[in-house]
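1. Need coordinates for the below:
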Amino acid sequence: MKLRISHTTKYSYSSPVTDSVNELRLTPFTNEQQSCYQHSISVEPGASLFSYDDFFGNRVHAFSVSEPHRKLTIRTQMTVVTKEAANQAAVGDRMQPKLTWEWLASEDIQNRYAEYLLQTDYTAVTPEVISFAETPLPGDYLGEQSVYDWLTGMSKLIRSEFIYDPQATNVQTVASDMIRRRRGVCQDFAHLMIAACRAKGIPARYVSGYHFVGDLQGGIADFEQASHAWVEAYTPAYGWCGFDPTNESPVDERYVKLGHGRDYKDIVPVKGVYRGAGESNLEVTVDVKRIEI
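-> Take a look at the predicted model:
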């Protein structure tokens, strides 16, 4: 699938600001699942960008604007070709279910993926999270469920037990808050699943990107789009696998990955600081279109 994506971020300030320093994590990965064929970034007021890869392998673009300004606009455009995801169910587990859990608990694996097992502010393993992670899942008889099957079941459980509600939470909401409120957005659903994974000793990471649903809108050309968040967890049978606890669909060619980290804080798409007082307003627009190959 060939997708063209535009992502525009606009800041407006009630009074002029200066010395604005910013980081962007808006460059798609190129891996076995997707290839980025074109990518551009423009900034107004004009600024020079320099790039580097962070600890997690995400491409970061940084820039600064020194002169006074009351508006800052960041536009990114990209063309990405995605591939259909492998059918894990057809491949089958290469290990007995019990052995998959023992393998994850080994010292070698715990050390190799330590950063994706440690708690963070968003994914603290609280008593509420531990209790939720131990919820009996369909098919889990006498501990005969593999790690991959547990992940699939947990993703479905979150999707069925929690209500998608953009008004219920904010960017600071943590996993235990989500459990109490029983509602949230994709960021909250992802943090809850990651916290549950870490409670079970499964390496898990937060993924940011886009989910193309344009051809599922019944011919509606104008509908609201946004960035999306999902989860990647490490399984003995398949390595890193994607799970979307928000949508009832596999993480397939409709998904475009921008980056991953321990939680949202590691991969905020646009973040920065500036010198100045007064109020600020943020406006973000996203457009994802399928184009012919």
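
2. What are the buried residues along stretch 267-278?
-> 267, 269-270, 272, 274, 276 (16 or more other CB atoms under 10 Å). From N, CA and C alone the C-beta is placed, and that goes for glycine too.

3. what about G239, distance to Q33?
-> 12 Å (CB to CB, to the nearest Å).

4. Mind checking which of those two has more residues around it?
-> Higher neighbour count among G239 and Q33: Q33, with 18 against 9, using other CB atoms under 10 Å.

5. Setting aside sequence neighbours, what's the nearest residue to that one?
-> Of all residues not flanking Q33 in the chain, K83 sits nearest, at 5.7 Å (CB to CB, 6 or more residues apart in numbering).

6. pLDDT wise, what is the one you found at?
-> pLDDT, K83: 90.

7. Same list (the buried residues of stretch 267-278) but as JSON lines, adding secondary structure.
-> Below are the buried residues of stretch 267-278 laid out as JSON lines (DSSP: H, G, I helix; E, B strand; the rest coil):
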{"residue": "I267", "secondary structure": "helix"}
{"residue": "P269", "secondary structure": "coil"}
{"residue": "V270", "secondary structure": "strand"}
{"residue": "G272", "secondary structure": "strand"}
{"residue": "Y274", "secondary structure": "strand"}
{"residue": "G276", "secondary structure": "coil"}
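
8. Of those, which pair is most distant in space?
-> I267 and G276 (26.3 Å; CB to CB).

9. For I220, give me the pLDDT.
-> So, for I220, pLDDT stands at 47.

10. At which residues are the strands of this protein located?
-> Here the chain has its strands, by DSSP state E, at 2-24, 34-44, 50-53, 59-65, 69-82, 163-164, 183-184, 204-211, 228-235, 239-243, 255-261, 270-275, 280-291.

11. how far is the longest one from where the chain is centred?
-> Relative to its chain's centre, strand 2-24 lies at 20 Å (CA atoms, centre = their mean, to the nearest Å).

12. Buried residues, it. List them.
-> Going by 16+ other CB under 10 Å, strand 2-24 has these buried residues: 3, 5, 7, 9, 11, 13, 17, 20, 22-24.

13. ok, of the residues you listed, which one's closest to W101?
-> Nearest to W101 among the buried residues of strand 2-24, with distances taken as CB to CB, is L3, at 37.0 Å.

14. what residues are up against the closest residue to the closest one other than its chain neighbours?
-> Spatial nearest neighbour of L3, excluding adjacent residues (CB to CB, 6+ apart): V80 at 5.2 Å. Counting by CB atoms under 8 Å, 6 or more residues apart in numbering, V80 touches 2-3, 5, 28, 34-37, 256.

15. tell me the two of the residues you listed that are most distant?
-> I5 and S35 (13.6 Å).

16. shaky segments in this structure?
-> For the chain, residues meeting the criterion pLDDT under 70 lie at 86-94, 139-143, 215-224, 293.

17. Would you map out the domains in it?
-> Here the domain parsing of the chain from automatic domain parsing is 2-82+268-291, 88-252.

18. between the strands of the chain, which gets nearest to A124?
-> When these are compared (using CB to CB), the closest one is strand 204-211, at 13.8 Å.
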